[in-house]
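Visitor: the following comprises the amino acid sequence and a computationally predicted model.
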Amino acid sequence: MSPGPRVLVLDGDYPTSLTIARELSADPEATIVGAGTSRYSRLCRSSYCDVAVTIPPPDDSDYLDALWAVLEATRPQLVLPVGYRSAAALQSVRDELPDSVAVCLPNPDAFETAADKAATMELAERVGIDVPADYSSLVETLDAEGRERGALEALEFPVFCKARREAGGGHETTARVVDPARFWTVYDRLEDASPAGEVLVQESIDSSSATYGCGLFCRDGAVELGMAHEELRSVPRRGGSGTFLRLRRDPDLESAATALLRELKWDGVALVECKRRADGELVLMEINPKFWASYALASAHGYRFASRLAATTLGLEDRLPDRSPERTGEMVFPLRELYYYARNREEERLLECVRAVARPGVPWNVDRSDLRAWLTPPAALLERLPNGIAGPGGAADREAVAFTRR
């Protein structure tokens, strides 16, 4: 068999990049070029990273120049963004990429619709999917009139606030507001965090704390792989990233997600997220136009979206093992849960968080064969530590090359 493809995996600071690197190493037997913002980035320290490179974060003015230098130096056959910002950066230059470098991204109009949560709601209504009641115009009017005491009585609390546009980068851009006295403080914080400075204010769907997600890989709107899960615990506690999830068959959710992405003629991966009203009716929350934070659940149970994307894009379907996805399964994300506790000790209870991650028989997303990468603290923290604190260097450290400008 010919050598496997060379794949440049971006966003090496994200834990999801470790799951993707392991998967690609196993299925199409890819050579992994891992890009992080520091030699301490998780992927750069992973045993599944064959060549480590460091480039600025996607919002840095030098990012595209650095990416071009990496492409010239490492010559990957496929570039795989993990986070939203790197996907958006690739969208901006997709027509300028060398012919030898493949990407699998949705068309620009579809990507823009998914990134704009107001446009996503309009799309859902066109295809007959329920959406939360929207109070954004009313709030904008109240804001313009000076935020007078008692003006918020027109809203039905609790409400759910979110940045209108996808932000990426781990920013907390959603919040459920119960107390009207806290509304403007939360609204201003989200407005500052929003890339466009716009905040949506919506009905809060509170019949259950669970969120339902359907991950899909599509080519021109046709579904090639899909799975559904239920997010039972998350951080933040409503509308955040999952820390305890389980697979589940959900024909209504799968049908709704398929209808949305078919309408967009979607290429690539996406996660459609919904809540349920008390009567069980689905209500759309958003389309996540990238690999999702809980992707490890899918990968561990045979839903190998990254491998299918790589093999399909490069015409290497024959390299994929004959794998039957599992119908049931659960997973806990302990580091995410405990990091959240560490940042919110005044509001959280340690014993409750420990119980949440120590569920008998439920596996963790942490790969014990790659602990050096998984237990690496955030790269920004390690950069401030004295030399040697991070531990001995490995193969990835020795091969790491920094790219800042061509």
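Guide: Great, that's in hand.
Visitor: the bottom helix or strand of the protein by mean pLDDT?
Guide: helix 395-399 (a mean of 40; mean pLDDT, DSSP states H and E).
Visitor: isn't Ala154 up against Leu142?
Guide: Yes. Look at Ala154 against Leu142 with C-beta atoms under 8 Å: they come within range, at 7.5 Å. Where you see a C-beta, it was placed from the backbone N, CA and C, and this is true even at glycine.
Visitor: so for these two, which residue has more residues nearby?
Guide: Leu142 (19 against 11; other C-beta atoms under 10 Å).
Visitor: could you say which helix or strand holds that one?
Guide: helix 136-144 (DSSP states H and E).
Visitor: elements contacting that helix?
Guide: strand 199-203 (3 or more C-beta pairs under 8 Å, 6 or more residues apart in numbering; DSSP states H and E).
Visitor: so after the strand it packs on, what's the next helix or strand?
Guide: Going down the chain from strand 199-203, the next helix or strand is strand 211-219, by DSSP H and E.
Visitor: check the offset of that following strand from the chain's centre.
Guide: Counting by C-alpha atoms, centre = their mean, to the nearest Å, strand 211-219 is centred 12 Å from the centre of its parent chain.
Visitor: what's the following helix or strand after that strand?
Guide: The helix or strand immediately downstream of strand 211-219 is strand 222-235, counting by DSSP H and E.
Visitor: now the angle from that next one to strand 211-219?
Guide: Using axes from the mean of the first three to the mean of the last three C-alpha atoms, to 10 degrees, the direction of strand 222-235 lies 150 degrees away from that of strand 211-219.
Visitor: can I get strand 222-235 in CSV, CA atoms only?
Guide: Output in CSV follows, covering the C-alpha atoms of strand 222-235 (Å, rounded to 0.1, in the frame of the first residue of the first chain):
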residue,chain,number,x,y,z
ALA,A,222,-25.8,14.8,0.8
VAL,A,223,-25.1,13.2,4.1
GLU,A,224,-22.3,10.6,4.1
LEU,A,225,-22.0,10.1,7.8
GLY,A,226,-24.2,11.2,10.7
MET,A,227,-24.7,10.6,14.4
ALA,A,228,-26.8,12.1,17.2
HIS,A,229,-26.0,12.7,20.9
GLU,A,230,-27.5,14.0,24.0
GLU,A,231,-25.5,16.5,26.1
LEU,A,232,-26.5,15.8,29.7
ARG,A,233,-24.0,18.2,31.5
SER,A,234,-22.1,21.1,30.1
VAL,A,235,-19.9,24.1,31.0
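Visitor: what about whichever helix or strand comes after it, average pLDDT?
Guide: Using DSSP H and E, the helix or strand that follows strand 222-235 in sequence is strand 241-247. The pLDDT scores in strand 241-247 average 96.
Visitor: same thing with stretch 21-32?
Guide: Taken as a whole, stretch 21-32 has a mean pLDDT of 96.
Visitor: for stretch 69-83, same thing?
Guide: 97.
Visitor: tell me which residues in it are buried?
Guide: By 16 or more other C-beta atoms under 10 Å, the buried positions in stretch 69-83 come out as 69-71, 74, 76-83.
Visitor: what's the answer for stretch 146-159, then?
Guide: 151-152, 155, 159.
Visitor: for stretch 312-326, same thing?
Guide: Those buried within stretch 312-326 under the rule 16+ other C-beta under 10 Å are 312-314, 316, 319.
Visitor: can you lay out the residues you listed as TSV showing secondary structure, pLDDT and distance to Tyr14?
Guide: Below are those laid out as TSV (DSSP: H, G, I helix; E, B strand; the rest coil; pLDDT from 0 to 100; distance: C-beta to C-beta, whole Å):
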residue	secondary structure	pLDDT	distance to Tyr14
Thr312	helix	96	23
Thr313	helix	96	21
Leu314	helix	96	23
Leu316	coil	94	25
Arg319	helix	88	25
